[in-house]
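Q: Quick one: sequence and predicted model below, then my questions.
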Amino acid sequence: MQTTLNKNVTLSGVGLHSGRPARITLKPAMADQGIWFRRTDSVSGNAFLPARWDAVVESPLCTLLTNEDGVSLSTVEHVMAALAGCGVHNALIEVSGPEVPILDGSAAPFVGAILKAGLRELEAPVRAIRVLKPVEVRRGDAVARLDPTGDSLHIDFGIDFEDAAIGAQTRSMNMANGAFVRELCDSRTFCRAADVEAMRADGKALGGTYENAVVVEGDKVLSPGGLRHDDEPVRHKMLDALGDLALAGHPLLARYTGRRAGHALTNALLHALFADPSAYEVVTCDAEMARNLPGTGLKSRDLRLVA
């Protein structure tokens with residue numbers, strides 16, 4: 001069955017790119033509402049933004065939503081990954097500011113708050129999008145692809161950076177049975193020290209610190225405490241991919257493969273998928289299918305890993 005939150009969840013911080021204070025409240029919602037955002041600081045026009053692939057405007061380094069009145073909200077990918085990874089299908093997310101707070105740079109604070117609040121079932125079945133044939137998009141040496149894979153979501157990702165602290169990393173995971181919460185959600189956004197000055201000159205990363213991002217230089221990790229996982233960067237790219245794929249509107253039943261892919265390419269992949277009606281079908285999940293969806297089967301011990 002579909003789910004929503006038991007009660008409101010509120011978190012505060014700063015925006016990674018804007019550097020501005022931000023407050024976010026996740027609220028329960030009715031069945032079949034899906035995920036919506038509302039800019040509580042908006043003074044004119046429509047303040048609501050759907051968490052949907054066709055509301056995305058291409059933006060470097062983050063996922064940016066906008067609506068027909070020009071109201072926008074950026075860096076939604078981590079909270080979207082947390083909702084998808086915890087199996088939340090319906091929620092209203094209120095944000096005061098132009099950007100979702102970055103918190104510690106991962107999805108773990110959102111996951112911890114969601115699981116502490118708890119979920120409740122709604123009287124409506126879960127619908128999912130089953131991919132029926134391969135769909136692929138490329139930009140240069142970057143590729144994102146969806147393949148049929150039965151009744152679950154798999155994510156395969158590969159990255160390759162010249163800095164030895166990252167290097168070449170690959171990872172493959174089935175997202176079923178709470179795997180996101182246990183293995184991906186605490187992996188933080190990352191960047192090369194050489195890129196920080198250029199990003200800030202471009203008005204990005206103004207709220208970035210060594211505490212909310214992993215910064216590397218050559219073979220050194222400059223952030224205190226080092227990496228949370230030896231392959232934390234590729235895990236974070238998988239986290240981002242789950243958040244961006246959640247903008248499909250329903251859980252995906254597919255294998256996602258990303259090689260050097262980012263937010264824009266994953267969104268382009270969703271555009272390509274939905275442009276071909278023969279490439280997918282919307283299915284109603286029975287109990288067996290629902291058991292394979294991200295977030296199903298979470299246990300109390302999973303919460304302790306991120307609390």
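A: That came through, no problem. Residues are numbered from 1 along each chain as shown.

Q: Low-confidence stretches in the stretch 151-300 of the chain?
A: 299-300 (pLDDT under 70).

Q: I meant to write the stretch 1-150 of the chain there.
A: For the stretch 1-150 of the chain, no range has pLDDT under 70.

Q: ok, which stretches of it are strands?
A: 3-5, 9-14, 21-27, 35-39, 48-50, 56-57, 64-66, 72-74, 91-96, 119-121, 127-131, 135-139, 142-147 (DSSP state E, counting those that start in this stretch).

Q: Also the stretch 151-300 of the chain?
A: Going by DSSP E, counting those that start in this stretch, the stretch 151-300 of the chain shows strands at 153-160, 168-174, 190-192, 214-217, 220-221, 252-259, 280-284.

Q: Using JSON lines, lay out those together with distance to residue 37 and mean neighbour count.
A: Every residue, glycine included, has its C-beta placed from N, CA and C. Formatted as JSON lines, the strands of the stretch 151-300 of the chain follow (distance: least, C-beta to C-beta, whole Å; neighbours: other C-beta atoms under 10 Å):
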{"stretch": "strand 153-160", "distance to residue 37": "23", "mean neighbour count": "20"}
{"stretch": "strand 168-174", "distance to residue 37": "27", "mean neighbour count": "14"}
{"stretch": "strand 190-192", "distance to residue 37": "25", "mean neighbour count": "19"}
{"stretch": "strand 214-217", "distance to residue 37": "27", "mean neighbour count": "20"}
{"stretch": "strand 220-221", "distance to residue 37": "33", "mean neighbour count": "16"}
{"stretch": "strand 252-259", "distance to residue 37": "20", "mean neighbour count": "23"}
{"stretch": "strand 280-284", "distance to residue 37": "23", "mean neighbour count": "14"}
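
Q: which other helices and strands contact the helix ranked longest in the chain?
A: Secondary structure of the chain per DSSP state H: the longest helix is helix 232-245. Contacting helix 232-245 under the criterion 3 or more C-beta pairs under 8 Å, 6 or more residues apart in numbering; DSSP states H and E are the following elements: helix 77-85, strand 153-160, strand 168-174, helix 179-183, strand 190-192, strand 214-217, strand 252-259, helix 263-274.
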